[in-house]
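Q: Fold the following, please.
(one chain, ligands or ions: 1)
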Amino acid sequence: MRTKLLLGNWKMNKTPKEAIEFASQVGDLVSLSKKHNVEIGVAPTFLCLVDVLSHAPEGLIISSQNVNEHDHGAYTGEVSASMLSSIGVTHAIIGHSERREYEGETSLRCHEKIVALLKEKMTPVYCCGESLDTFEAGETSSFVEKQIREGMGGLSKEEASKVVIAYEPIWAIGTGKSASSEIAETTIKNIRDVLKDMFGEETSETIRILYGGSVKPNNVSQYMTCPNIDGALVGGASLEPDSFKALLEGMINA
Ligand code: 13P
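A: Residues are numbered from 1 along each chain as shown. The predicted model follows:
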């Protein structure tokens, strides 16, 4: 049984003061989530990680939005997995489409980042997803398969089972046009089939795969009733405690 995960990606939002306000208001959500065997967490900017960690209730997962693949050295502006791990960050989002688009991040580079995170016993949240053109051309499954094979190739079964995958169609991110649960389930089932081919059935069944892209309190439940969808990676609707709570309730009540 895969534990469901609700992860808020704050992107480039919130000052430390605003992040602390959020962290101080979600204590009851952690107990609620635990009661229903759901994991919840947020991914603030690097700038806010320390403050969120020191104000967050125990049990709230704190993730970064990126990591560098090297451990230390002359990489100006970067942060390594060992640095994140040393302050208590346990997860890192990798290969978000915004980083692929604006920072030229490739799946092969994401692979290096996944390896670096696993070395620190952290959980990579590896994002994949296609553009509107690719979707309309009917090439979603081959496009996403390549991202998965390049990002996850060469991992052992044990390593692969520790990765969380997030399927986020680019055309659904921040647009209000979420993928239907049928589309999300179909692609996520395809991803699981690719993982089965790479790592075997047993491992593929343990890997959590999230859906992301305009997930809101009023549509989160539909994804949670899909057999292959194990949670949600949420941008805009994760920014306020009330909305974050409503997302959790939607997941629980699905
Ligand atoms: P929205 O929920 O704002 O569409 O963002 C999705 C996303 O990119 C999460 O990583």
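
Q: Next, work out how far apart the residue sitting furthest away from the middle of the chain and the ligand are.
A: Ranked by distance from the centre of the chain (Cα atoms, centre = their mean), the top residue is A74, with 27.9 Å. Separation of A74 from the ligand (Cβ to the nearest ligand atom, to the nearest Å): 30 Å. All C-beta spots, glycine's among them, are computed from the backbone N, C-alpha and C.

Q: any idea of the pLDDT on that residue?
A: As predicted, A74 sits at a pLDDT of 98.

Q: ok, P169 - how many residues close by?
A: Applying other Cβ atoms under 10 Å, we find 27 residues neighbouring P169.

Q: Which per-residue confidence value corresponds to the spatially closest residue to it that is not a sequence neighbour?
A: In this structure, P169 finds its nearest non-sequential neighbour in G129, 4.7 Å apart by Cβ to Cβ, 6 or more residues apart in numbering. pLDDT for G129: 98.

Q: and whatever residue of the chain ends up closest to the ligand, how many neighbours?
A: When scored by Cβ to the nearest ligand atom, the chain has G235 as its residue closest to the ligand, at 2.4 Å. Other residues near G235 come to 21 when the count uses other Cβ under 10 Å.

Q: if I read this right, it contacts N9, doesn't it?
A: Yes. If you go by Cβ atoms under 8 Å, G235 and N9 touch, sitting 5.3 Å apart.

Q: Quick check: neighbours shared by those two?
A: Residues within reach of G235 and of N9 at once, by Cβ atoms under 8 Å, 6 or more residues apart in numbering, are G212.

Q: any chance you could map the strands in the stretch 101-250 of the chain?
A: In the stretch 101-250 of the chain, the strands defined using DSSP state E, counting those that start in this stretch lie at 123-128, 164-167, 208-212, 231-234.
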